[in-house]
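Asks: With the input below, show me the fold.
(2 chains)
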Amino acid sequence: MDLEILSVAINNLRHQGLRSYLTLLGVIIGIASIFALVSIGDGLNASVTEQFEKLGSNTIFIAPGGTFSSGSGSPTATVTFKDSDIARLESYPEVKNVIPFFATSTVGKHGSDQTTISIFSYDPDKSESLEETGTIEVQEGRLFNNQDVFAAMVGEQFAEKAFSREIGLKNIIEINGKKYKIVGILKPSSQNIGGGGPETNNTVWIPEKGARQTFPNYASNFMFAQTFNKDQVASAKDKIQRYFDRVYGKDQTTVQTSEQLLDQIKQFLAIISGTLIVIALISLIVGGIGIMNAMVMTVLERTKEIGTMKALGATNTRIMTLFLLEAGLIGLVGGLLGSLLGFLIGQGMSIAGQAAGINLQAVATPELFLFVLAFSIIIGMISGAYPAWRASKMDPVVALRYE
Amino acid sequence: MDNVIEAVKVSKIYDMGEIKVTALNDVSLMIKRGEFVSITGPSGSGKTTLLDILSALSRPSKGEVLINGDPISQMTDSELALVRGKTIGFVFQSFNLIPRLTALENVMLPLWFQGIAPKERIERGEKILSEVGLEERMHHKPNELSGGQRQRVAIARALAVDPDIIVADEPTGNLDSNSGALILSLIDELHQKRGKTILMVTHERYVAERAERIIHIKDGKIEQSEAVKKKTQEIRRNYK
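Replies: Take a look at the predicted model:
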């Protein structure tokens, strides 16, 4: 194709001034919304993935019951795990570590105040492994050590809000008549395996020794198993599931990888961002209709000119190409400016999100940029196709004398 | 024998739904190379339709038109456009210059359609504009030029591809008499000095009379020219 027709098309667009700019604006808005939504959606996905990676993509969750219990309080199913189960899991070559928990719910008292709390208890020997999974992260004080019996760790929000007065290190919480002293305050970023988010985190962590003396029904009813690396997760998960199905019967325990949990969350995110992108697409279609409208007007206005060009020897193909290029150029420029605007919106929302405490960084890849650009050009050309075709089919005699 | 344009039993019928309008009725005509022909007639007579068909802007409903011996009914629209662009230079009543383009760019436009390289286009465009006396106004847009200057740009544009035929549709219709006279003498010059075939439509008698042959159209048919009538009458008289 001779490239000169491109400069003619650019010249034509420039001379249309306001109309070209307004048409462009329609495309820019559509493209910017798509770019921003996709990059924010990708950012959310990345942020969720990162959080799960902190938790360890090599972590397998084992809980009693047919479905994974993520509600508040303890799993209510009857299965509890025995030392033999733990020993069996630890004997698998893929498994690096097993962290059993005792989880239950009860009433916690601070002075005359009382509230419902979730108890999570584990063996302080596993403190380091647990910290490695990102499940707990100390903000103030320390993690449990071997000597701890009636010690407790609580989340930052819990410390501030659970009781009428804020509690802190060395304060006492009374659980089932035993007095637990707070030794650590956990960061809000700590994963809450008990239930809710950091806002509603009402989990109180206590060491195994204390729990055994406080709860007569003490037994491991929740476990983490960690593999040495990511690639072993799937096979270890299958082995563990098969073992528990054999020992406790089918569907009596749920074994789930963090990847599966992540997939569920990602699926949910995909539905939300998919919906938003469809809405953005509609706005782009409106932009396309804007191009079509402008091109129909342009062709009508330039009827006499089209007739003249045909009289002077312009072929139908050349006329068609010229108008298609004009429409495509609106798409190209709209795509460029729209992506830029969309990028800025994404960055702006990331900054706003981070200020509000949401870990979000919009992802703008070159692929997204190229995709959006190509898409915009195609929308432009599709919208320009009909007006361009009409221009090319004009009868030169009629067009020449059009007033 | 050397006919640039030949129309053989050409009719043009416009289908207006209920009624059919016959704009041209079985017209045959030959234009010889180097001839200067005027087409004249009252409005609605079909003179513009005849010009459109002779200049390959539209196809006849019946009959055939040959351009340099080639029948246009055998050509596709694109072939016809290219033949038109190469063989015929148009001068319109309302100039039909592209307003966004400078005089030079307007003149270069048909050369672009013929696929001529940019460098040669500029050279030829500048040369022709100088020849019509517009070397100072080459880079001006049409709205910065007077009517007469615009028509000279249009003539330069018609000449750009060095066509066999110049077709002029009421070339002085939008001009004052001074500018009109200038344009007419320019057309005369094209005919006499360059040997171009000229086909001009006009309703003004004094303009038509500059041609070597006047074709008078009425109700879609060619009326015999006065000269031919006179000649016929003479022959008849002599016969008696």
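Asks: Quick check: buried residues in the longest helix along chain B?
Replies: Using DSSP state H, we find that the single longest helix of chain B is helix B:177-192. For helix B:177-192, a neighbour-count test (16 or more other C-beta atoms under 10 Å in any protein chain shown) marks B:179, B:180, B:182, B:183, B:184, B:186, B:187, B:190, B:191 as buried. No exception for glycine: its C-beta is placed from N, CA and C like everyone else's.
Asks: Find the centremost residue of chain B, please.
Replies: residue B:167 (1.1 Å; C-alpha atoms, centre = their mean).
Asks: Verify the stated contact: that residue with residue B:87.
Replies: No - using C-beta atoms under 8 Å, residue B:167 makes no contact with residue B:87, being 10.0 Å away.
Asks: Got phi/psi on residue A:393?
Replies: Residue A:393 adopts backbone torsions of phi -90, psi 0, taken as degrees, to the nearest 10.
Asks: any idea how far residue A:315 is from it?
Replies: Residue A:393 is 12 Å from residue A:315, where distance means C-beta to C-beta, to the nearest Å.
Asks: between these two, who's got more neighbours?
Replies: residue A:315 (20 against 11; other C-beta atoms under 10 Å in any protein chain shown).
Asks: Surely that one and residue B:83 touch.
Replies: No - using C-beta under 8 Å, residue A:315 is not in contact with residue B:83, being 10.9 Å away.
Asks: Is it correct that residue B:218 is in contact with residue B:45?
Replies: Yes - using C-beta under 8 Å, residue B:218 is in contact with residue B:45, at 5.2 Å.
Asks: More neighbours: these two, which one.
Replies: residue B:45 (21 against 14).
Asks: can you pull the pLDDT of that one?
Replies: Note on residue B:45: pLDDT of 87.
Asks: Same check on residue B:66?
Replies: What the model reports as pLDDT for residue B:66 is 93.
Asks: okay but it is in contact with residue B:8, surely?
Replies: Yes - the criterion here is C-beta under 8 Å, and residue B:66 meets it with residue B:8 at 7.4 Å.
Asks: Give me the residues contacting stretch A:173-184.
Replies: With contacts defined as C-beta atoms under 8 Å, 6 or more residues apart in numbering or on different chains, stretch A:173-184 is touched by A:106-110, A:117, A:119, A:138, A:140-144, A:148, A:150-154, A:159, A:167-172, A:204-206, A:210, A:213-215.
Asks: Could you tell me which of those residues are located in helices?
Replies: Using DSSP H, those in helices are A:159, A:210, A:213, A:214.
Asks: Those residues into a markdown table, with extra columns for pLDDT and distance to chain B?
Replies: Shown next, in a markdown table, are the ones in helices among the contacts of stretch A:173-184 (pLDDT from 0 to 100; distance: C-beta to the nearest C-beta, whole Å):
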| residue | pLDDT | distance to chain B |
| --- | --- | --- |
| A:159 | 86 | 73 |
| A:210 | 90 | 86 |
| A:213 | 90 | 92 |
| A:214 | 91 | 88 |
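Asks: Pull out the buried residues from those residues.
Replies: Using 16+ other C-beta under 10 Å, the buried ones in those are A:159, A:210, A:214.
Asks: pLDDT score for residue 196?
Replies: No chain was given, so I picked chain A. For residue A:196, the model assigns a pLDDT of 41.
Asks: other chain: chain B
Replies: The predicted local confidence for residue B:196 is 91.
Asks: roughly how far apart are the residue lying closest to it once chain neighbours are set aside and residue B:210?
Replies: Excluding the flanking residues, the one nearest residue B:196 by C-beta to C-beta, 6 or more residues apart in numbering or on different chains is residue B:190, at 4.6 Å. Computed as C-beta to C-beta, the residue B:190 to residue B:210 distance reads 12 Å.
Asks: Provide a list of residues in contact with residue A:141.
Replies: Residue A:141 is in contact with A:153, A:169, A:182, A:183, A:184, A:185, counting by C-beta under 8 Å, 6+ apart.
Asks: For it, which non-adjacent residue is closest in space?
Replies: The nearest residue in space to residue A:141 (C-beta to C-beta, 6+ apart) is residue A:184, at 3.8 Å.
Asks: repeat for residue B:35
Replies: In this structure, residue B:35 finds its nearest non-sequential neighbour in residue B:197, 5.6 Å apart by C-beta to C-beta, 6+ apart.
Asks: Hmm, that neighbour is touching residue B:31, no?
Replies: Yes - between residue B:197 and residue B:31 there is a contact at 6.2 Å, judged by C-beta under 8 Å.
Asks: Give me the common contacts of those two.
Replies: Shared contacts of residue B:197 and residue B:31, defined by C-beta under 8 Å, 6+ apart, are found at B:4, B:5, B:37, B:165.
Asks: give the contact list for the residue lying closest to residue A:146 once chain neighbours are set aside.
Replies: Distances taken as C-beta to C-beta, 6+ apart place residue A:124 nearest to residue A:146, at 5.6 Å, with adjacent residues excluded. Neighbouring residues of residue A:124 by C-beta under 8 Å, 6+ apart: A:143, A:144, A:145, A:146, A:148, A:207, A:208.
Asks: out of the residues you listed, which are buried?
Replies: With burial judged by 16+ other C-beta under 10 Å, the buried subset of the contacts of residue A:124 is A:143, A:144, A:148, A:207, A:208.
Asks: wait, the third one sits on residue A:205?
Replies: No - in terms of C-beta under 8 Å, residue A:148 does not count as a neighbour of residue A:205; the distance is 10.6 Å.
Asks: So the residue in the stretch 101-250 of chain A positioned nearest to chain B versus residue A:258, what's the distance?
Replies: For the stretch 101-250 of chain A, the residue closest to chain B is residue A:230, as judged by C-beta to the nearest C-beta, at 61.0 Å. Noted for residue A:230: a distance of 10 Å to residue A:258, by C-beta to C-beta.
Asks: Show the pLDDT at residue 223.
Replies: As the question left the chain open, I've gone with chain A. pLDDT, read off for residue A:223, is 88.
Asks: Sorry, I should have been clearer: chain B.
Replies: Among the per-residue scores, residue B:223 holds a pLDDT of 85.
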